[in-house]
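Participant: Okay, predicted coordinates and the sequence, questions at the end:
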Amino acid sequence: MTLIAEMSSADHQTLLAKIRSEYEAFRAQGHKLDMTRGKPSPEQLDLSNGMLALPGNGDYLTEANEDARNYGGLQGIAEARALFAPVLGAPADQVIIGDNSSLAMMHDSIVWALLKGVPGSAAPWSKESAPAFLCPVPGYDRHFAILEEYGFRMIPVPLTGQGPDMDLVEKLVEDPAVKGMWCVPKYANPSGEIYSDEVTKRLASMKTGAPDFRIFWDNAYALHHLTEKKHEVANILEACEAAGHPDRAFVYASTSKMTLAGAGLAFFASSAANVKWYLARAGKRTIGPDKLNQIRHVRFLKDIAGLHKLMDGHRMLIAPKFAAVEMALESRLGGTGLAAWTKPEGGYFVSLDTLEGMGSRVVALAKDAGLALTPAGATWPSGKDPKDSNLRLAPTFPKLNDVQVAAEGIALCVLLAGLEKQEAAKA
Ligand SMILES: Cc1ncc(COP(=O)(O)O)c(C=O)c1O
């Protein structure tokens, strides 16, 4: 297709009329489609149904002969920590297993930092007049919601395709009020970003105004490959240690999108000092995590090879859905200049940029046609995308044929909104 902006006025109007009638035809089909849910499909959850019968009657002793039915074991059982240590890039004794949600562990880390400070803090973060956090954009709405809830100043930082704009990050962290930063280093939500080694190294070695600055390294999609290539990112804990900032990174991950999203295991890994700090706070909050679930995971997955095999099963189920989105977007929007989108090699999302100012219009058009999209702006702090252009598409949950229809609908809405904008600009 020719770049639509270069069309003659008559051709442009003809195309707009054609796309409008295609959109109306789509709308008349009375769809009920939902591309908002970044969660595993029932078929993906079925891959872990074997866990429902585990650990099984009478199987409750850990390798160290502890009774997993009882209280205690705050850090998590040793064999589960050892199994996931390579995913986190930390020795097993620097891994903590929480309950089912890594987001909860991130939330707690932030609240404890505010109330108590972290190792290296002169005072709790809440004593700062306006503690600030760097927020790579587009990013994960729930990360931003935690900061908003507790009154942080959120500073958006653009992503470059290889991680955040490091020249800007290095400048911003000179301000001692900047206490931390979100990073989703692999297959980021929603951009699919994979941080380069260079970015990781710069994050680890940059000079920060705050001596207690923390990188919240949320490796939520560490093993969630969509292609044969299992991308790696550099080990942030080792990089921080090597740069003389051993306590700089808090690392998080979970099995939410590996085993069972509502009944997985969440992890925190960091330096020995940070692990001690976390456990001291966690010990006030709970007498111990659900260790039977930890045994269940060990019995089911067995070893790291078992984990990779399970993730291959996920890939087989969801890669065709991402391919369907790509096919519809490319065939309708490719070369038009009306949109740009990611072709993720892992993770759960496609990030789509419409023409400026058209994000909300696309969501409204889609809604009218029975197609739910994540609200425009959700990928920005406080839900405010200054360009109103970024949209997050989540293809994992719906059935493949619904994803195909939804992707076609999205492409039509983007086309229609873009053409309308160009027509209005001419008027
Ligand atoms: C980047 C990121 N981190 C964390 C989570 C949630 O993790 P959990 O289920 O372990 O709380 C999600 C879920 O979508 C996510 O996209």
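Facilitator: That came through fine.

Participant: Only C-alpha atoms from now on, for both contacts and neighbour counts.
Facilitator: Will do.

Participant: tell me which residues in the longest helix anywhere in the chain are buried?
Facilitator: Assignment by DSSP state H gives helix 304-333 as the longest helix of the chain. For helix 304-333, a neighbour-count test (16 or more other CA atoms under 10 Å) marks 304, 307-308, 310-312, 314-315, 317-330, 332-333 as buried.

Participant: Residue numbers of the chain in contact with the ligand?
Facilitator: By CA under 6 Å from any ligand atom, the residues of the chain that approach the ligand are 38, 101-103, 140, 184, 189, 218, 220, 254, 256, 266.

Participant: Show me where the chain has its strands.
Facilitator: Along the chain, counting by DSSP state E, strands occupy 33-34, 95-97, 132-137, 153-158, 178-183, 214-218, 249-254, 266-269, 339-341, 350-354, 371-372, 390-393.

Participant: Serialize these to CSV and add fields for mean neighbour count and distance to S21.
Facilitator: What follows is the strands of the chain, written out as CSV (neighbours: other CA atoms under 10 Å; distance: least, CA to CA, whole Å):
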stretch, mean neighbour count, distance to S21
strand 33-34, 20, 20
strand 95-97, 28, 54
strand 132-137, 24, 35
strand 153-158, 18, 37
strand 178-183, 23, 43
strand 214-218, 22, 44
strand 249-254, 25, 45
strand 266-269, 26, 48
strand 339-341, 20, 20
strand 350-354, 22, 20
strand 371-372, 22, 17
strand 390-393, 28, 24
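
Participant: Reformat those as JSON lines; add distance to W125 and mean pLDDT.
Facilitator: Listed next are the strands of the chain as JSON lines, based on distance: least, CA to CA, whole Å; pLDDT from 0 to 100:
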{"stretch": "strand 33-34", "distance to W125": "40", "mean pLDDT": "95"}
{"stretch": "strand 95-97", "distance to W125": "23", "mean pLDDT": "98"}
{"stretch": "strand 132-137", "distance to W125": "10", "mean pLDDT": "98"}
{"stretch": "strand 153-158", "distance to W125": "12", "mean pLDDT": "98"}
{"stretch": "strand 178-183", "distance to W125": "8", "mean pLDDT": "98"}
{"stretch": "strand 214-218", "distance to W125": "11", "mean pLDDT": "98"}
{"stretch": "strand 249-254", "distance to W125": "16", "mean pLDDT": "98"}
{"stretch": "strand 266-269", "distance to W125": "20", "mean pLDDT": "98"}
{"stretch": "strand 339-341", "distance to W125": "38", "mean pLDDT": "98"}
{"stretch": "strand 350-354", "distance to W125": "33", "mean pLDDT": "98"}
{"stretch": "strand 371-372", "distance to W125": "39", "mean pLDDT": "97"}
{"stretch": "strand 390-393", "distance to W125": "32", "mean pLDDT": "98"}
